[in-house]
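Coordinates only, no sequence provided:
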């Protein structure tokens, strides 16, 4: 008898579970080693709490009424639930607060795309430590976690969430036009970006914006960016530069690729943003960054940063990297 | 961020030649001409071979249906690719970076009805809704939504011109290059929806991890297209 399960969900059988369990343990051990304590939060929260953190992300989740008519939602990630937990349970604690998690999260998906409705995320949140040191610590932990998974070729992209917001403001682009241009940048639709920009700014500024979004590499791209000028670029490159220096001081800058085209679509990011890639996989393994304004929405004004990795993708990458690691060329 | 999936999470080896997805069909000629112009040898693809993969020293050409290009590039099975804007719009949820408008393969997405026939208008006036046959359901739906009209979209896979002729739908939304096919089937353009050209797209991870190769190819393509 076949009893179906909803598309985008899955069972895990012992062979896979054994490998996943090893990965879980290896990663949580790394986090604990850096002083990050593991927490768990409910999969179901009040919708009002989740949308306080990020309206857009919460809107894509699963929502339902409980028996007393309250609107509940399934969490779509862990950063907002942990922000809620910290402001409720750790309000008077000494900072920084270091927490980590392994949790399933839920997202609405388009049918027949092979996307998962339920997926596992593993990650850390560092609350009460500001840039650049806090960011550098988070990246160092991320690198250790990737190593523990055997992904020694994985690369971390480091960008700045405020760069284009501030640059567009400087160019006098606001409101809906600005949001639409930011959306083009986030999806990297350069053709559409150029078309929209050329309608609101002159050719030189348009060229600068497009060229900026293509800058990625080592420390040298900061110089290239600065040469393009403007206070917004100056501020963003200074922020990235400081993070990079802090990383170098920890000996953790080698795997970091500066990427001025990086833009993540979760609304709460500010300052540094991260994305994780492995050459063995065509998809992003995870990401993170700073969210210095998020805790304030929960009544606790603290800077914060963190990252999350998609567990299943890390597992796929681990398997793809195996033959290469076993027979070094 | 798109919802994470497991399907299509195949290997995307960063080592070895850059894999370029080449569309078969009407965009093939223009694509091969352009690749020749930037110094990529396409003789093998132009030959009689029925192979699908053409390995080379620096790049490997992989031929496929244009509508499959976003799928392969999104999954990283191909690092970069060329396909029509119509395909990208129809599969707007595929996460690929659209790096360049290549200018060739220009055609128009149009709403067409039978010549001299009032069915489209009458259906809207009396039934409150048009029935439109198309191979591009998402583009069609978006067009009618943006123009504030109601529509029943009927998806067909093959010659869409057939549909209104034998009573499946009041009109069609389709891609026209010269307009000959419409003419031959007694159809005429009623509305222009958008203009489409070939686009150069890249996988998100390849764009980061093979930045030098992707940037170099993009720059060469940009210069070639600009010089035309």
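Sure, I can see it. Everything numeric in this text was worked out from a predicted model, so none of it was measured.

Please enumerate the helices of chain A.
Using DSSP state H, the helices assigned to chain A run over residues A:14-33, A:47-53, A:55-59, A:79-89, A:133-148, A:163-170, A:175-187, A:190-200, A:203-213, A:220-228, A:231-249, A:294-297, A:311-326.

again with chain B
In chain B, the segments counted as helices under DSSP H are B:28-37, B:43-46, B:69-75, B:85-90, B:119-122, B:137-146, B:162-165, B:180-184, B:204-209, B:211-227.

now the fourth one: mean pLDDT?
The predicted model assigns helix B:85-90 a mean pLDDT of 96.

re earlier: could you dump the helices of chain B to JSON lines with mean neighbour count and distance to chain A?
In this view, the C-beta of every residue, glycine as well, is placed from N, C-alpha and C. Shown next, in JSON lines, are the helices of chain B (neighbours: other Cβ atoms under 10 Å in any protein chain shown; distance: least, Cβ to the nearest Cβ, whole Å):
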{"stretch": "helix B:28-37", "mean neighbour count": "18", "distance to chain A": "16"}
{"stretch": "helix B:43-46", "mean neighbour count": "13", "distance to chain A": "23"}
{"stretch": "helix B:69-75", "mean neighbour count": "24", "distance to chain A": "5"}
{"stretch": "helix B:85-90", "mean neighbour count": "21", "distance to chain A": "8"}
{"stretch": "helix B:119-122", "mean neighbour count": "16", "distance to chain A": "30"}
{"stretch": "helix B:137-146", "mean neighbour count": "17", "distance to chain A": "11"}
{"stretch": "helix B:162-165", "mean neighbour count": "18", "distance to chain A": "24"}
{"stretch": "helix B:180-184", "mean neighbour count": "13", "distance to chain A": "27"}
{"stretch": "helix B:204-209", "mean neighbour count": "23", "distance to chain A": "5"}
{"stretch": "helix B:211-227", "mean neighbour count": "16", "distance to chain A": "5"}
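
Rebuild those helices as JSON lines, extending it with distance to residue A:38.
Listed next are the helices of chain B as JSON lines, based on distance: least, Cβ to Cβ, whole Å:
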{"stretch": "helix B:28-37", "distance to residue A:38": "52"}
{"stretch": "helix B:43-46", "distance to residue A:38": "54"}
{"stretch": "helix B:69-75", "distance to residue A:38": "33"}
{"stretch": "helix B:85-90", "distance to residue A:38": "42"}
{"stretch": "helix B:119-122", "distance to residue A:38": "62"}
{"stretch": "helix B:137-146", "distance to residue A:38": "43"}
{"stretch": "helix B:162-165", "distance to residue A:38": "59"}
{"stretch": "helix B:180-184", "distance to residue A:38": "63"}
{"stretch": "helix B:204-209", "distance to residue A:38": "29"}
{"stretch": "helix B:211-227", "distance to residue A:38": "36"}
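
if we compare those helices, which one ends up closest to residue A:30?
Taking Cβ to Cβ, helix B:204-209 is the member of these nearest to residue A:30, at 23.4 Å.

Pick out the shakiest of the helices of chain A, pLDDT-wise.
Least confident of the helices of chain A, judged by mean pLDDT, is helix A:55-59 with a mean of 56.

In contact with the residue lying closest to residue A:189 once chain neighbours are set aside: list those residues for me.
Distances taken as Cβ to Cβ, 6 or more residues apart in numbering or on different chains place residue B:98 nearest to residue A:189, at 4.7 Å, with adjacent residues excluded. Counting by Cβ atoms under 8 Å, 6 or more residues apart in numbering or on different chains, residue B:98 makes contact with A:187, A:188, A:189, A:190, A:191, A:192, B:88, B:199, B:200, B:201.

switch to 10 Å and redo it
Taking Cβ atoms under 10 Å, 6 or more residues apart in numbering or on different chains, we find residue B:98 in contact with A:184, A:187-193, B:70, B:83, B:85, B:88, B:199-202.

lowest-confidence stretch among the helices of chain B?
helix B:119-122 (a mean of 83).

For that one, name the packing helices and strands.
Contact here means 3 or more Cβ pairs under 10 Å, 6 or more residues apart in numbering or on different chains; DSSP states H and E; on that basis helix B:119-122 packs against strand B:107-114, strand B:130-134, strand B:187-196.

again, only using 7 Å
Counting contacts by 3 or more Cβ pairs under 7 Å, 6 or more residues apart in numbering or on different chains; DSSP states H and E, helix B:119-122 packs against no other helix or strand.

contacts for that helix?
B:113, B:130, B:170, B:171, B:190 (Cβ atoms under 7 Å, 6 or more residues apart in numbering or on different chains).

Distance to chain A and neighbour count for these - can I get that in CSV?
Putting the contacts of helix B:119-122 into CSV (distance: Cβ to the nearest Cβ, whole Å; neighbours: other Cβ atoms under 10 Å in any protein chain shown) gives the following:
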residue, distance to chain A, neighbour count
B:113, 30, 24
B:130, 26, 23
B:170, 28, 25
B:171, 27, 26
B:190, 26, 13
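
Could you export those residues as TSV, including pLDDT and distance to residue A:127?
Listed next are those as TSV, based on pLDDT from 0 to 100; distance: Cβ to Cβ, whole Å:
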residue	pLDDT	distance to residue A:127
B:113	93	61
B:130	89	55
B:170	91	59
B:171	93	58
B:190	93	59
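
Tell me which residue of chain A lies closest to chain B.
Per Cβ to the nearest Cβ, residue A:282 is where chain A lies closest to chain B, at 1.5 Å.

quick one: that residue and residue B:73 touch, right?
No. Look at residue A:282 against residue B:73 with Cβ atoms under 7 Å: they stay out of range, at 8.3 Å.

Report the set of residues contacting both of the two.
residue B:203.

which residues touch the residue most central in space within chain A?
The centre of chain A sits closest to residue A:288, judged by Cα atoms, centre = their mean, with a distance of 2.4 Å. For residue A:288, the contact set (Cβ under 7 Å, 6+ apart) comprises A:123, A:138, A:274, A:306, A:307, A:308.

So which of the residues you listed belong to strands?
Judged by DSSP state E, the contacts of residue A:288 include A:123, A:274, A:306, A:307, A:308 as members of strands.

could these go into CSV alongside distance to residue B:227?
What follows is the ones in strands among the contacts of residue A:288, written out as CSV (distance: Cβ to Cβ, whole Å):
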residue, distance to residue B:227
A:123, 48
A:274, 39
A:306, 48
A:307, 44
A:308, 45
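
Against chain A, how distant is the closest residue to residue B:111 other than its chain neighbours?
Of all residues not flanking residue B:111 in the chain, residue B:191 sits nearest, at 4.1 Å (Cβ to Cβ, 6+ apart). To chain A, residue B:191 is 21 Å away according to Cβ to the nearest Cβ, to the nearest Å.

Break chain B down into its domains, please.
B:18-106+B:197-227, B:107-194 (automatic domain parsing).

Between those, which one is closest to residue A:102.
Residue A:102 lies closest to domain B:18-106+B:197-227 among the domains of chain B, at 24.1 Å (Cβ to Cβ).

Kindly check the end-to-end length of that closest one for me.
Terminal residues of domain B:18-106+B:197-227 lie 25 Å apart, using Cα to Cα, to the nearest Å.

Likewise for stretch B:172-191?
End-to-end distance for stretch B:172-191, by Cα to Cα: 11 Å.

Could you do stretch A:69-77 as well?
24 Å.

is chain B contacted by that stretch?
No. Among the residues of stretch A:69-77, none lie within reach of chain B under Cβ under 7 Å from any Cβ of the partner chain; the closest is 9.0 Å away.

Show me which residues of that stretch are buried.
By neighbour count on 16 or more other Cβ atoms under 10 Å in any protein chain shown, the buried set for stretch A:69-77 is A:72, A:73, A:74, A:75, A:76, A:77.
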